[in-house]
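Chemist: model this:
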Amino acid sequence: MRKLSFVLLIVVGAMGLTGCQGYNRMVEKQEAVTSQWGNVQNAYQRRADLIPNLVNTVKGYAQHEQETFTQVTEARAKATQTTINPENLTAESLQEYQQAQDQLSQALGRLLLIQENYPELKANQNFLALQDELAGTENRISVERNRFNQLAQDYNAYIRKFPQVIYAKWFKFEPKAYFEATSEAQTAPQVQF
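Modeler: Okay, here's the model as predicted:
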């Protein structure tokens, strides 16, 4: 009887120790995803901060493009107002966030196309520097989103493995959503010369 009690005590202790270690790892991985989400938002904020300077530079050369300026300003406002609580990174909330960012990207694309109609703008050093900054920021956004997806995948896989899946359900560790390509990215662009 004493041997059975001793064995049972060892089994319960081992399960408790495994549970504590698993819980702590889930917390670490969840915090890594949350921290990386902050990096993604920081990269998008950098882009949003560059936009007013870019718009003002273009405005100096292209006063007839008011509709484009308005679209960029409205898209920027919507993109900066759309936020997600890192604790609630669901597919739906991430899709809403991404849609706002995509609208801003499209508006920025239209703004950058204006330069084709204004040769003086193409030669403006401020415009060229801002355009380079924007390109660098877009690269940072891509890197940060990729890193976010990697950490979310690591976290999601971890909470689905045994025995963590048990503790994840007990302590309400929910899977994190991923950034996904937009539907437009599924179609190859048509290039005509």
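Chemist: Could you tell me how many residues sit around the residue nearest to residue 86 when sequence neighbours are not counted?
Modeler: In this structure, residue 86 finds its nearest non-sequential neighbour in residue 34, 4.2 Å apart by C-beta to C-beta, 6 or more residues apart in numbering. The way it works is simple: take the backbone N, C-alpha and C, and place the C-beta from them, glycine included. As a burial measure, residue 34 scores 16 neighbours (other C-beta atoms under 10 Å).
Chemist: And residue 34, how close does it get to residue 154?
Modeler: Using C-beta to C-beta, to the nearest Å, one gets 13 Å for the distance from residue 34 to residue 154.
Chemist: and what of residue 77?
Modeler: Counting by C-beta to C-beta - residue 77 and residue 154 are separated by 34 Å.
Chemist: so residue 148 touches residue 41, yeah?
Modeler: No - using C-beta atoms under 8 Å, residue 148 and residue 41 do not qualify as a contacting pair, with a distance of 10.0 Å.
Chemist: who's more crowded, the two?
Modeler: With neighbours defined as other C-beta under 10 Å, residue 148 and residue 41 compare such that residue 148 has more, 25 against 16.
Chemist: who's in contact with residue 26?
Modeler: 155, 158, 159, 164, 167, 168, 171, 173 (C-beta atoms under 8 Å, 6 or more residues apart in numbering).
Chemist: most neighbours, which of those?
Modeler: The residue in the contacts of residue 26 with the most neighbours, by other C-beta under 10 Å, is residue 155 (25 neighbours).
Chemist: What helix or strand is that residue located in?
Modeler: With secondary structure defined by DSSP states H and E, residue 155 is part of helix 125-160.
Chemist: Run the angle between the longest helix along the chain and helix 125-160 for me.
Modeler: Among the segments of the chain that qualify as a helix by DSSP state H, the longest is helix 2-59. Note on geometry: by axes from the mean of the first three to the mean of the last three C-alpha atoms, to 10 degrees, helix 2-59 and helix 125-160 are set 160 degrees apart in direction.
Chemist: returning to that earlier point: which one of the contacts of residue 26 is nearest residue 123?
Modeler: Set against residue 123, the nearest of the contacts of residue 26 by C-beta to C-beta is residue 155 (48.3 Å).
Chemist: these two touch, right, that closest one and residue 27?
Modeler: No - with the criterion set as C-beta under 8 Å, residue 155 and residue 27 do not qualify as a contacting pair; they are 10.4 Å apart.
Chemist: For the closest residue in space to residue 134 that isn't next to it in sequence, report the pLDDT, please.
Modeler: Nearest non-adjacent residue to residue 134, counting by C-beta to C-beta, 6+ apart: residue 50, 5.5 Å away. pLDDT recorded at residue 50 is 89.
Chemist: didn't residue 50 look like it was pressed against residue 136?
Modeler: No - the pair residue 50 and residue 136 does not pass the contact test of C-beta under 8 Å, sitting 9.7 Å apart.
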